[in-house]
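Student: Pasting a predicted model and its sequence here:
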Amino acid sequence: MADSVSEQSDHKDELNWGYEEAANGEYQSPINLNSREAQYDPSLLDVGLSPNYVVCRDCEVINDGHSVHIILKSKSAPSDSLEQHSVQHVGGRPGEEEWSPHHSSFCADPLLRDYWVYEGSLTTPPCSENVTWILYRYPLTISQLQIEEFRRLRSHLKGAELLEGNDGMLGDNFRPTQPLSDRTVRAAFQ
């Protein structure tokens, strides 16, 4: 699949990812997670929504077109906030700062108790090594309608000129797995 990516695209094929200095670092992502080699870390906290948060009156949602950042602000301490980052999103448009209607009844607690954590990088250029990845043990499901909406997403802004051979559809913008190196994958469960 990497061969079909245009040399001029934002996400260059595997052979050309080294054009960004950070892309050649020791802690690159994604990795092939081997759950049997992960080390249990009791210091990892349960991830979920607490009663101190009200969806979404006390939060800020920023959709930048690639990911959605959800900043939950505590009622008890205005300066205390939790940021949730969801890389794959459906239902919003770049620049929108509101909750996607597809997630209005989302209850995270049972699905987010078990997870793995590792230090890594962005998976697209510049591949900066400043990301803490949280990988959930149980997949979150989406509806057929959400899948259809996701498939309608484009890799460009409306009215933007596309390169020859680029239909604007999302695809082939993934990076192959990278070596684990000396990193440890930690688990929030045994």
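Tutor: Happy to help now that I have it. The structure presented is a predicted model; accordingly, all values stated were derived computationally and were not measured. Numbering: from 1, shown residues only.
Student: contacts, neighbours, all on C-alpha from now
Tutor: OK.
Student: and residue 132, which of the three is it?
Tutor: strand (DSSP: H, G, I helix; E, B strand; the rest coil).
Student: Could you report the neighbour count for it?
Tutor: 12 (other CA atoms under 10 Å).
Student: For the residue lying closest to it once chain neighbours are set aside, list the residues it contacts.
Tutor: Distances taken as CA to CA, 6 or more residues apart in numbering place residue 119 nearest to residue 132, at 4.6 Å, with adjacent residues excluded. Contact partners of residue 119, counting by CA atoms under 8 Å, 6 or more residues apart in numbering, are 27, 129-133, 183.
Student: So in that sheet, which strands flank the helix or strand hosting residue 119, and in what orientation?
Tutor: Per DSSP states H and E: residue 119 is located in strand 115-120. Strand 115-120 has the following sheet partners, assigned by DSSP bridges: strand 131-136 (antiparallel), strand 186-187 (antiparallel).
Student: Could you pull up the mean pLDDT of the shortest one?
Tutor: Per-residue pLDDT values across strand 186-187 average out to 96.
Student: Kindly report the same for the first one.
Tutor: For strand 131-136, the per-residue pLDDT values average out at 91.
Student: For it, output the C-alpha coordinates as CSV.
Tutor: C-alpha atoms of strand 131-136 as CSV (Å, rounded to 0.1, in the frame of the first residue of the first chain):
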residue,chain,number,x,y,z
VAL,A,131,3.4,11.3,23.0
THR,A,132,2.2,9.0,25.8
TRP,A,133,0.1,6.4,24.1
ILE,A,134,-2.8,4.8,25.9
LEU,A,135,-4.1,1.7,24.2
TYR,A,136,-7.4,0.2,25.5
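Student: in that strand, what counts as buried?
Tutor: Going by neighbour count (16 or more other CA atoms under 10 Å), the buried part of strand 131-136 is 131, 133-134, 136.
Student: What's the first helix or strand after it?
Tutor: helix 144-151.
Student: Give the other helices and strands that that following helix contacts.
Tutor: If contacts are counted by 3 or more CA pairs under 8 Å, 6 or more residues apart in numbering; DSSP states H and E, helix 144-151 sits against no helix or strand.
Student: What average pLDDT does it get?
Tutor: pLDDT averaged over helix 144-151 gives 85.
Student: Just the CA atoms of that helix, as PDB, please.
Tutor: What follows is helix 144-151, C-alpha atoms only, in PDB (Å, rounded to 0.1, in the frame of the first residue of the first chain):
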ATOM      1  CA  GLN A 144     -22.700   1.700  10.800                       C
ATOM      2  CA  LEU A 145     -23.700   5.300  10.300                       C
ATOM      3  CA  GLN A 146     -20.500   6.500  12.000                       C
ATOM      4  CA  ILE A 147     -18.500   4.200   9.700                       C
ATOM      5  CA  GLU A 148     -20.200   5.700   6.700                       C
ATOM      6  CA  GLU A 149     -19.500   9.200   8.000                       C
ATOM      7  CA  PHE A 150     -15.900   8.400   8.600                       C
ATOM      8  CA  ARG A 151     -15.600   7.000   5.000                       C
END
